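[1] Sequence first, then the predicted structure, then my questions.
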Amino acid sequence: MFQKFQKRLDEVSEFEREPVPRKKQKGLRSFLGMYAGEHTAGTEFVIGPLFVVHGVTAFDLVIGLLIGNLLAVLSWAFIVAPIAVKERITLYYKLEKICGKRLAGIYNLVNALMFCFLAGSMIAVAATAVGIPFGLPMPTLNDWLPTSIMWIVIVFAIGAITTLVAMLGYEQVSRFANIAAPWLILVFIGAAVAVLPELGVNKLGDFWPIAQERIWTGQVMEGQSKFTIWHIIFFSWFANMAMHIGMADLSILRYAKKWQYGFSSAAGMYVGHYIAWLASGILYAVFLHQSQQSLQFAPGPIAYYAAGAAGAICVIIAGWTTANPTIYRAGLAVQSLFPKFKTWKITLIVGLVTTLAACFPALVMKLLEFVALYGLLLMPMGAIIFVDFHLFPKLRLSQNWAERSGIIFNRAAGWTWLLTLALCLAMSYFLGWEIYFLGLPGWFVAVLFYILFGTWIQNKHKTALAS
């Protein structure tokens with residue numbers, strides 16, 4: 001039986017080093033389901049409550065999310081999707097062509113590690129629901145280390161199932177998301193509506209005054225920073241910075257039949273990052289009211305209180321729908337370093353690393369900061385791909401420089417990555433800019449750096465050949 005299963009895994013082809021063929025390209029429904037499933041997920045049970053913790057006002061949240069999510073959808077549609085359907089190769093193979101194997105390898109290790117941490121946080125979120133019938137002690141806002149042996153056992157059980165789905169390839173990841181997504185959002189909405197009377201909302205006209213007075217009150221919890229509308233706009237725009245302006249979703253949208261399918265990201269942004277963040281914030285406000293401002297931070301019990309077993313199951317499934325494609329992406333990133341190994345074997349190792357990371361509740365408690373850092377670290381490479389694809393032909397410079405010149409480390413790309421991050425660090429240290437606001441100026445800085453360094457190195461190479 002194991003040999004039959006292994007044979008099936010060996011037959012899974014993800015076109016790691018070749019364009020996706022026409023017969024394997026997917027229709028719009030596949031991407032609507034995947035984006036809705038991935039972004040109506042475990043992170044939503046964490047991010048929505050954290051907005052409450054950071055003292056967001058109701059107006060700032062509603063308007064900020066409207067603007068920020070629109071900017072995110074436009075980033076997917078106009079920056080990532082056209083390149084994805086033209087090239088139809090993974091992010092990792094594209095970077096190898098531009099940056100060379102050695103620099104792409106460094107990037108892929110960083111990328112895979114960030115993916116592991118993100119997926120790990122979602123496994124931890126699911127664990128808070130699985131642990132309910134076992135009386136599992138739940139983590140608090142200040143917990144960093146595993147809270148019990150039972151916590152570790154539950155995390156490993158969830159990690160094993162999540163990794164198995166990711167090992168089966170994009171086909172199964174997409175199918176899983178399509179099945180789960182419609183049900184998840186109904187539970188999110190249903191649970192939030194069910195608990196509104198406990199806050200004093202008995203008719204539609206009651207909602208907005210109660211939202212301002214008892215949900216998003218503008219009051220910051222002890223030890224947390226204050227969020228404004230600008231925090232909401234920039235966080236919702238760049239919560240998935242690595243995926244859109246960082247170009248990680250080249251690996252996903254390469255399966256799209258048309259570039260316009262990039263707009264399918266709206267299913268995730270407005271179903272997940274809008275409705276679900278609002279709904280989970282409502283659930284957390286009720287929890288705070290019932291627990292007298294407890295510092296416990298466990299999405300599972302919160303959802304269970306509101307919707308019973310359906311709420312707890314929703315948290316579990318939501319964790320999986322994020323962790324599955326994230327582990328899948330991490331597996332592709334590492335597999336690019338070891339092309340002779342089957343992707344499923346690499347994904348198995350990645351899943352183990354992810355599960356180990358999930359044992360630490362700090363991944364959940366500091367999720368806002370981690371998401372911002374994760375996107376910032378990977379963003380410069382997305383700018384490099386943008387310049388290579390759109391601007392170098394107009395500047396009469398060669399695309400895919402490493403492949404054309406036969407180098408294994410493109411110094412122009414390396415300098416761009418390093419100096420962009422250094423400048424972002426300087427803006428944070430000297431100007432006091434919070435990490436949520438560094439992505440936008442950082443992307444334009446990276447574009448400028450790569451144009452300058454790329455032009456200099458290519459002209460220098462041409463001069464050397466001429467002489």
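    Good, I have the coordinates.
[2] What segments of the stretch 251-400 of the chain are helices?
    265-266, 277-291, 299-335, 343-358, 362-365, 367-386 (DSSP state H, counting those that start in this stretch).
[3] Nearest to residue 217, out of those?
    Nearest to residue 217, of all the helices of the stretch 251-400 of the chain, is helix 277-291, at 8.5 Å by C-beta to C-beta. Quick note: C-beta positions are derived from backbone N, CA and C, even for glycine.
[4] what's in contact with the closest one?
    44-49, 51-52, 61-62, 65, 188-189, 191-192, 195-196, 198-199, 214-216, 294, 299, 301-303, 305-306 (C-beta atoms under 8 Å, 6 or more residues apart in numbering).
[5] now do stretch 430-437
    225, 230-231, 234-235, 238, 368-369, 372-373, 376, 427-428.
[6] mind redoing it with 7 Å?
    231, 234-235, 369, 372-373, 376, 427-428 (C-beta atoms under 7 Å, 6 or more residues apart in numbering).
[7] related to what we said a few turns ago, buried ones only from the contacts of helix 277-291, please, as a PyMOL command.
    Buried members of those can be picked out in PyMOL with the line below, counting by 16 or more other C-beta atoms under 10 Å:
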select buried, resi 44+45+46+47+48+49+51+52+61+62+65+188+189+191+192+195+196+199+214+215+216+299+301+302+303+305+306
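[8] Can you list which of the contacts of helix 277-291 are found in helices?
    44-49, 51-52, 61-62, 65, 188-189, 191-192, 195-196, 198-199, 299, 301-303, 305-306 (DSSP state H).
[9] Show me the shaky parts of the stretch 101-250 of the chain.
    Along the stretch 101-250 of the chain, the parts satisfying pLDDT under 70 run over 141, 143, 169-182.
[10] close enough to count as contact, residue 144 and residue 363?
    No. The criterion here is C-beta atoms under 7 Å, and residue 144 misses it with residue 363 at 9.4 Å.
[11] Report the central residue of the protein.
    residue 240 (4.9 Å; C-alpha atoms, centre = their mean).
[12] List the residues that contact that one.
    With C-beta under 7 Å, 6+ apart, residue 240 has these contacts: residue 72.
[13] Distance to residue 38 and mean pLDDT for the helices of the stretch 251-400 of the chain - can I get that in TSV?
    Below are the helices of the stretch 251-400 of the chain laid out as TSV (distance: least, C-beta to C-beta, whole Å; pLDDT from 0 to 100):
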stretch	distance to residue 38	mean pLDDT
helix 265-266	10	96
helix 277-291	15	87
helix 299-335	5	77
helix 343-358	16	83
helix 362-365	18	74
helix 367-386	14	93
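[14] could those be laid out in CSV, adding distance to residue 133?
    Output for the helices of the stretch 251-400 of the chain, formatted as CSV (distance: least, C-beta to C-beta, whole Å):
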stretch, distance to residue 133
helix 265-266, 36
helix 277-291, 19
helix 299-335, 9
helix 343-358, 19
helix 362-365, 20
helix 367-386, 25
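[15] Of the ones you listed, which is nearest residue 210?
    helix 277-291 (9.3 Å).
[16] Report the buried residues of that closest one.
    277-288.
[17] mind saving the C-alpha coords of that helix as PDB?
    Extracted in PDB, the C-alpha atoms of helix 277-291 (Å, rounded to 0.1, in the frame of the first residue of the first chain):
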ATOM      1  CA  TRP A 277     -11.400  40.300   9.700                       C
ATOM      2  CA  LEU A 278     -14.600  42.200  10.700                       C
ATOM      3  CA  ALA A 279     -16.300  39.000  11.800                       C
ATOM      4  CA  SER A 280     -13.400  37.700  13.900                       C
ATOM      5  CA  GLY A 281     -13.000  41.200  15.500                       C
ATOM      6  CA  ILE A 282     -16.600  40.900  16.600                       C
ATOM      7  CA  LEU A 283     -16.100  37.500  18.000                       C
ATOM      8  CA  TYR A 284     -13.000  38.700  19.900                       C
ATOM      9  CA  ALA A 285     -14.900  41.700  21.300                       C
ATOM     10  CA  VAL A 286     -17.600  39.300  22.700                       C
ATOM     11  CA  PHE A 287     -14.800  37.100  24.200                       C
ATOM     12  CA  LEU A 288     -13.200  40.100  25.900                       C
ATOM     13  CA  HIS A 289     -16.600  41.200  27.300                       C
ATOM     14  CA  GLN A 290     -17.400  37.700  28.600                       C
ATOM     15  CA  SER A 291     -13.900  37.100  30.000                       C
END
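[18] from the chain's centre, how far out does it sit?
    Offset of helix 277-291 from its chain centre (C-alpha atoms, centre = their mean, to the nearest Å): 23 Å.
[19] and the direction of that helix versus that of helix 299-335, what angle?
    140 degrees (axes from the mean of the first three to the mean of the last three C-alpha atoms, to 10 degrees).
[20] picking that back up, between the buried residues of helix 277-291, which sits nearest residue 246?
    residue 277 (21.3 Å).
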